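Undergrad: Whatever this is, show me its structure:
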Amino acid sequence: MRLFGHRLTVPAAIGMAIVAINIIAAVGAPILAPFPEADVVGDAWADADPTYWLGLDNLGRDIFSRLLFGARMSIGLSLVITCLSFTIGIVTGFAAAIAKGWVDIVLSRTVDLLLAMPTLIFAFVVLSVLGTDIPVLIVTLAILDSVKVFRLARALAMGISAMDYVEVAKVRGEGLWWIITREILPNAMQPLIAEFGLRFTFAFLFVAALSFLGLGIQPPAADWGSMVRDYREVILLDVPAPFYPAGAIAVMTIGVNFVVDWLLNIHATSNGRRA
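TA: Reported below is the predicted structural model:
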């Protein structure tokens, strides 16, 4: 089987299936979930049965319903963070590579400063001071993640901007934005798409980690990291509840990595052919 002109490997097909199922669960959560995410529908830790497919949690809420709504929050939030981080990183990285001079110096030294600080600790400090509202969480994680996108985007743009067609565009008097969107971005798209998958995985796991530590999504909203935190006390009591959100995090991460590996192989093969 081929996709976008390239042979689709078995791991890539599995990864795409996993990602597709999770996206369907996230988008269709209000329709697919048998109960609202915050409703108490029975006794705490009730066993699974035909009504409650995965049983009930510590407050008597339906675990299956919370998993579906958790997919919407975990995946949706990670996607928004990744898109914002890529917008910031690509624009600043390309601008630094094309403008050079003081623009490159200021942006590069700012990125070096952010990279020098441990990401998790920096996020802790910001979220502790500014609060854990979703907009604050999105902007904080997007800025922290954008520095890695900046370095890749700048490296790609440095190589592409040396090409003759970019020099011709500069001679014609084309502006910075035109050169970025018409000349550099189309030629850097493939490695950036692969990097997007890696950055999404990072954001996905980082959001889950923050929620587990109590600085991410706040109750009663459901996300997989906070569900692991809520259920961790019964992990040694023969109650399978903690393994459902933890397994969902692991499976989603594996699926995205399968797709990213395939995209990276495509990029490497294409570069080999050009060489």
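Undergrad: Show the residue spans covered by the helices in the stretch 1-150 of the chain.
TA: 10-27, 29-32, 63-99, 101-116, 119-130, 134-161 (DSSP state H, counting those that start in this stretch).
Undergrad: residues in contact with whatever helix or strand comes next after the last one?
TA: Scanning the chain past helix 134-161 towards its C-terminal end, the next helix or strand to appear is helix 164-171 (assignment: DSSP states H and E). Outside helix 164-171, the residues that touch it by CB atoms under 8 Å, 6 or more residues apart in numbering are 160, 178-179, 182-184. (Glycine included, C-beta is placed from N, CA and C.)
Undergrad: Now with 6 Å, please.
TA: With CB atoms under 6 Å, 6 or more residues apart in numbering as the test, helix 164-171 has contacts from 179, 183.
Undergrad: Can you name the next helix or strand after that helix?
TA: helix 176-179.
Undergrad: any low-confidence regions in the protein?
TA: Along the chain, segments meeting pLDDT under 70 span 1-6, 267-275.
Undergrad: Residue nearest the middle of it, spatially speaking?
TA: Closest to where the C-alpha atoms of the chain average out (CA atoms, centre = their mean) is Phe200, at 2.2 Å.
Undergrad: what about that residue, distance to Met227?
TA: 20 Å (CB to CB, to the nearest Å).
Undergrad: Now the one helix or strand the residue nearest to the centre of the chain maps to: buried residues?
TA: Using DSSP H and E, Phe200 maps to helix 185-212. Of the residues in helix 185-212, 185, 188, 190-192, 194-212 count as buried by neighbour count, 16 or more other CB atoms under 10 Å.
Undergrad: From what I see, Phe204 and Ser78 are in contact.
TA: Yes: assessed by CB atoms under 6 Å, Phe204 is found in contact with Ser78 at 4.1 Å.
Undergrad: Could you dump the helices of the stretch 1-150 of the chain into JSON lines and include distance to Asp43 and mean neighbour count?
TA: Listed next are the helices of the stretch 1-150 of the chain as JSON lines, based on distance: least, CB to CB, whole Å; neighbours: other CB atoms under 10 Å:
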{"stretch": "helix 10-27", "distance to Asp43": "26", "mean neighbour count": "16"}
{"stretch": "helix 29-32", "distance to Asp43": "24", "mean neighbour count": "14"}
{"stretch": "helix 63-99", "distance to Asp43": "13", "mean neighbour count": "23"}
{"stretch": "helix 101-116", "distance to Asp43": "48", "mean neighbour count": "13"}
{"stretch": "helix 119-130", "distance to Asp43": "34", "mean neighbour count": "14"}
{"stretch": "helix 134-161", "distance to Asp43": "32", "mean neighbour count": "20"}
